[in-house]
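Undergrad: The following block contains a protein sequence and its predicted model.
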Amino acid sequence: MNYLDRLENESIYIIREAYNQIRDVALLWSIGKDSTTLLWLIRKAFFGQIPFPVIHLDTGYKFKEIYHYRDTIGKEWGLDVIVHKNEEAIQRGVCPEKGKLDCCTELKTNALKQIVKKKDLKALYLGIRRDEHGIRAKERYFSVRDEDFEWDYKGQAPELWGQYKTKTADEEHIRVHPLLGWTELDIWEYIYRERIPIVDLYLAREGKRFRSIGCETCCQPIVSEADTIEKIIEELRTTTISERSGRAQDKESDYMMQKLRSLGYM
């Protein structure tokens, strides 16, 4: 068994364990490489099917390529895609220009609160990884959020392999992170091996590509000639630049990202 096989097996074990214990679940799908890799793993875990909804939080500021990919893959893979917007916040004029913290809180965090409560979800699968950001390194594979969606990252109990917290109070829900132990390089090597389709924003055009994608207003491309997945893998083996260096909310401050995470941000 090689390294990618081991990662795949561990992730599938976590995916199945969560679904075995908690049936009111959904996958949060940003359309990025990580959540799409998780989507692929869930399909493998359940023999080509996904027995629960896939949620996409639409801020209204995503790249057009993301919307096209969502609709195409959703149809081809037979996904039960739920697209949700915080319409009330949009009507109030919430936007990136009026403050990134407020925008992320309203259009992502509060939008997520709305759909979780509407669907009475008890768990969410997310494609986050520990190596993305310092605050995400504090996460657990099974991470509890309280009734206000807040995360007590200082008060978490240790998590031993195979010993997960799957029981919560009625007002709480659990975030399940099957990719937590993967790295960015692992993700791309797995995408290459499995031939997982990706949004082409990740591939270089005219000397630039996006290493992390989300809202168009908050993402900046990096200088790169990596126009194939093989070249992305080679690039990552030598780079010293942070993966999320092009994401505006990450540039604000470490405190901002930690604050967003504690309030329920992905």
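TA: Everything's here; your move.
Undergrad: contacting residues for the most centrally placed residue in the chain?
TA: What sits nearest the mean C-alpha location of the chain, by C-alpha atoms, centre = their mean, is residue 127, with 3.9 Å. Residues near residue 127 by C-beta atoms under 8 Å, 6 or more residues apart in numbering: 28, 30, 32, 34-38, 177-179. All C-beta atoms are positioned from the backbone trio N, CA, C, and that covers glycine.
Undergrad: Recalculate using a threshold of 7 Å.
TA: 34-35, 37-38, 179 (C-beta atoms under 7 Å, 6 or more residues apart in numbering).
Undergrad: next one: residue 175
TA: If a contact means C-beta under 7 Å, 6+ apart, then residue 175 has 124, 126, 143, 145 as its contacts.
Undergrad: Just confirm the third one is within a strand.
TA: Yes: under DSSP: H, G, I helix; E, B strand; the rest coil, residue 143 falls within a strand.
Undergrad: Next up, the contacts around it.
TA: 151, 174-175, 177.
Undergrad: Can I get those residues in JSON lines including pLDDT, secondary structure and distance to residue 74?
TA: Shown next, in JSON lines, are the contacts of residue 143 (pLDDT from 0 to 100; DSSP: H, G, I helix; E, B strand; the rest coil; distance: C-beta to C-beta, whole Å):
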{"residue": "151", "pLDDT": "79", "secondary structure": "coil", "distance to residue 74": "29"}
{"residue": "174", "pLDDT": "91", "secondary structure": "strand", "distance to residue 74": "25"}
{"residue": "175", "pLDDT": "93", "secondary structure": "strand", "distance to residue 74": "23"}
{"residue": "177", "pLDDT": "96", "secondary structure": "coil", "distance to residue 74": "23"}
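Undergrad: and which of the residues you listed is nearest to residue 109?
TA: Nearest to residue 109 among the contacts of residue 143, counting by C-beta to C-beta, is residue 151 at 11.1 Å.
Undergrad: picking up where we left off before, reformat the contacts of residue 175 as CSV; add distance to residue 188 and pLDDT.
TA: CSV is the format used below for those (distance: C-beta to C-beta, whole Å; pLDDT from 0 to 100):
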residue, distance to residue 188, pLDDT
124, 24, 96
126, 19, 97
143, 25, 87
145, 29, 85
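Undergrad: Can you add distance to residue 20 and give those residues back as CSV?
TA: Below are these laid out as CSV (distance: C-beta to C-beta, whole Å):
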residue, distance to residue 20
124, 16
126, 18
143, 18
145, 20
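Undergrad: The contacts of residue 127 in strands, which ones?
TA: With DSSP state E as the criterion, strands contain none of those.
Undergrad: And the contacts of residue 143, which is closest to residue 210?
TA: Residue 210 lies nearest to residue 177 out of the contacts of residue 143, by C-beta to C-beta, at 22.9 Å.
Undergrad: Show me the strands in the stretch 1-150 of the chain, by range?
TA: Ranges of strands in the stretch 1-150 of the chain, per DSSP state E, counting those that start in this stretch, are 25-28, 54-57, 81-84, 123-125, 142-145.
Undergrad: Give me the contacts around the shortest one.
TA: Strand 123-125 has contacts (C-beta under 7 Å, 6+ apart) with 18, 22, 25-28, 38, 42, 173-176, 178.
Undergrad: Other residues contacting stretch 21-35?
TA: By C-beta under 7 Å, 6+ apart, stretch 21-35 touches 18-19, 38-39, 42, 52-56, 66, 69-70, 119-127, 129, 166, 174, 179, 187, 191, 198-199, 202, 213-214, 266.
Undergrad: follow-up on the earlier one: pick out whichever of the contacts of residue 143 sits closest to residue 14.
TA: Out of these, the member with the shortest distance to residue 14 (by C-beta to C-beta) is residue 177, at 8.0 Å.
Undergrad: hang on, isn't the closest one packed against residue 139?
TA: Yes: using C-beta atoms under 7 Å, residue 177 makes contact with residue 139 at a distance of 5.8 Å.
Undergrad: Overlap in contacts, these two.
TA: residue 128.
Undergrad: rewinding a little: what two of the contacts of residue 127 are the furthest from one another?
TA: Across the contacts of residue 127 (C-beta to C-beta), the longest gap, 8.7 Å, separates 35 and 179.
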